[in-house]
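Visitor: need a structure here:
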Amino acid sequence: MRLFTAGGILTVIYFVVLGVWINGAGLTHVSSWNELGDFFAGVFSPVAFLWLILGFIQQHKELVNNTAQLNLQAQELKKSVEQAAIMASLTSEQLQFEREKVSQEAMKLKASIMPVIEIERFSWGTMSGKVADQVFTIKNKGKPAKNIVVTSDCYDFKEMNKSFLPEGDSITKLYRINMNTAPEKLNIKVVFSDALGNAYEAAFSYKKVDNQFEIVSQ
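Guide: Numbers count the residues shown, from 1 in each chain. Reported below is the predicted structural model:
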């Protein structure tokens, strides 16, 4: 606005000075239309040039202002992107923390209800010749167990299977084994689950020593 005001003032001063000069010089009459046209062309050329320059100056100022605004918007956009990245990082860390927390809680829950099945006894009872009465006992030393299934690579332990075995309870069965046909090694597997249905497996290995089975690993 100041630029256009200055231009208007300069234009008015120019025409006032021009009018005074024309009047003082006695140039109030023209002899032809061509002279009149040349007169106006000469009179208005400086004014047109002045406003052309003022227009360029105004465009330059607007371009500078627009560039500054764009730079400001770019900075604000950059800050917004940085803030969004920070929020995303915090959200990711929070999610990771929540996952770890849930995982730890799940592990604690699983540990709190986990059964612990062990073979407490695999001993001989009476023995007549090569036929022996084998006493086989498994015990739950952990939390209640469900769907207990006992299998072996040599013998049938279906009678040991049980749908539920409370904490501290055991299953004992007596099996009659012919030591002449008994294998050199015996592998026993116990499959069971906890109260939530999580499956577990316990494996035990025995070898025959002096007509009886001794545990190798469990």
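Visitor: Centroid-nearest residue for this protein?
Guide: In the chain, the C-alpha nearest the mean C-alpha coordinate belongs to residue 92, at 5.2 Å (Cα atoms, centre = their mean).
Visitor: Report all helices and strands that the host helix or strand of that residue contacts.
Guide: For residue 92, the element it lies in under DSSP states H and E is helix 33-112. Where contact means 3 or more Cβ pairs under 8 Å, 6 or more residues apart in numbering; DSSP states H and E, helix 33-112 is packed against helix 2-25. For the C-beta atoms, the positions are set from N, CA and C on the backbone; glycine is no exception.
Visitor: Now the helix it packs on: average pLDDT?
Guide: Across helix 2-25, the average pLDDT comes to 71.
Visitor: Over to stretch 172-191?
Guide: The pLDDT scores in stretch 172-191 average 81.
Visitor: What's the end-to-end length of it?
Guide: Terminal residues of stretch 172-191 are spaced 16 Å apart (Cα to Cα, to the nearest Å).
Visitor: chain center to it: distance?
Guide: 52 Å (Cα atoms, centre = their mean, to the nearest Å).
Visitor: Same check on stretch 162-171?
Guide: Worked out by Cα atoms, centre = their mean, stretch 162-171 lies 43 Å from the chain centre.
Visitor: Check which residues of it are buried.
Guide: Under the neighbour-count criterion of 16 or more other Cβ atoms under 10 Å, stretch 162-171 has 162, 165, 171 buried.
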